[in-house]
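Student: Pasting the sequence and the predicted coordinates here, then a few questions.
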Amino acid sequence: MQPSLLTAIGLAWLIWIAYWFVSATRVKQVERTDNVGAILAYRIPMVIGAVFLIATGPRTWLPWLWWRWLPASSDWSALGLALVLLGLAFACWARVVLGRNWSATVQLKKEHELIVVGPYRWTRHPIYTGMLLAMLGTAVAIGEWRGLLAIALVFTGLWFKLRHEEAWMRERFGTSYVDYMRRVKALIPGIL
């Protein structure tokens, strides 16, 4: 990957993380929150996946992770950057639309609202969709097997989290949420 594209991808992720932390301060009060065990069940695979994506250390441990699944090319790197920017922008849009209902863990807020507009028309979890698209872009830009492993780990963590979250949403919103689940796919419009 070209160093300038790698820098751009890293910068995009850093700006997104900074936005995430700043926007986390403007949320509704918590009514119900997840227990530590459940939080760890979805956070651990996500953190391990992120570590695989940014790993630059010695390549002697599991050397196949650094083998290429895509040829080194500025075209692939540019496509990767485009996917990162698109994914992070989609996640940010979803975060803005979700507003004060957002939380980093599975929570129900006081006066929690069911949001079904904006990107929530296309997926029930557009923040996760955007994050996964950005992860895919990073993996494409890197072009090594560790990127695909990272996506699999992050997907596993997010899938566990969304299933847990949806159970709570069905409890809170009943048939409204069940109808929403029938109309709108979880992560990929019309597919998954």
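Tutor: Nice, thanks for sending it over.
Student: Which element, helix or strand, includes the spatially closest residue to residue 173 that is not a sequence neighbour?
Tutor: Spatial nearest neighbour of residue 173, excluding adjacent residues (CB to CB, 6 or more residues apart in numbering): residue 114 at 5.0 Å. Where you see a C-beta, it was placed from the backbone N, CA and C, and this is true even at glycine. Under DSSP states H and E, no helix or strand contains residue 114.
Student: does residue 114 really touch residue 180, like I thought?
Tutor: Yes. Using CB atoms under 8 Å, residue 114 makes contact with residue 180 at a distance of 7.0 Å.
Student: tell me, how many neighbours does the residue nearest to residue 173 end up with?
Tutor: 12 (other CB atoms under 10 Å).
Student: cool, residue 112 as well?
Tutor: 19.
Student: tell me the contacts of the residue lying closest to it once chain neighbours are set aside?
Tutor: Nearest residue to residue 112 in three dimensions, chain neighbours excluded: residue 101, at 5.8 Å (CB to CB, 6+ apart). Applying CB atoms under 8 Å, 6 or more residues apart in numbering to residue 101 gives the contacts 27-28, 109, 112-113, 115.
Student: got CSV for those, with pLDDT and distance to residue 148 too?
Tutor: Formatted as CSV, the contacts of residue 101 follow (pLDDT from 0 to 100; distance: CB to CB, whole Å):
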residue, pLDDT, distance to residue 148
27, 93, 33
28, 94, 37
109, 95, 35
112, 95, 36
113, 96, 37
115, 98, 32
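Student: out of those, which are buried?
Tutor: Buried members of those, counted by 16 or more other CB atoms under 10 Å: 27-28, 109, 112, 115.
Student: Can you add secondary structure and distance to residue 136 and give those back as a markdown table?
Tutor: Below are the buried ones among the contacts of residue 101 laid out as a markdown table (DSSP: H, G, I helix; E, B strand; the rest coil; distance: CB to CB, whole Å):
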| residue | secondary structure | distance to residue 136 |
| --- | --- | --- |
| 27 | coil | 28 |
| 28 | coil | 31 |
| 109 | strand | 30 |
| 112 | coil | 30 |
| 115 | coil | 25 |
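Student: ok, so of the residues you listed, who is nearest residue 170?
Tutor: residue 112 (12.9 Å; CB to CB).
Student: my read: that closest one touches residue 172, true?
Tutor: Yes. Taking CB under 8 Å as the definition, residue 112 is a contact partner of residue 172 at 6.2 Å.
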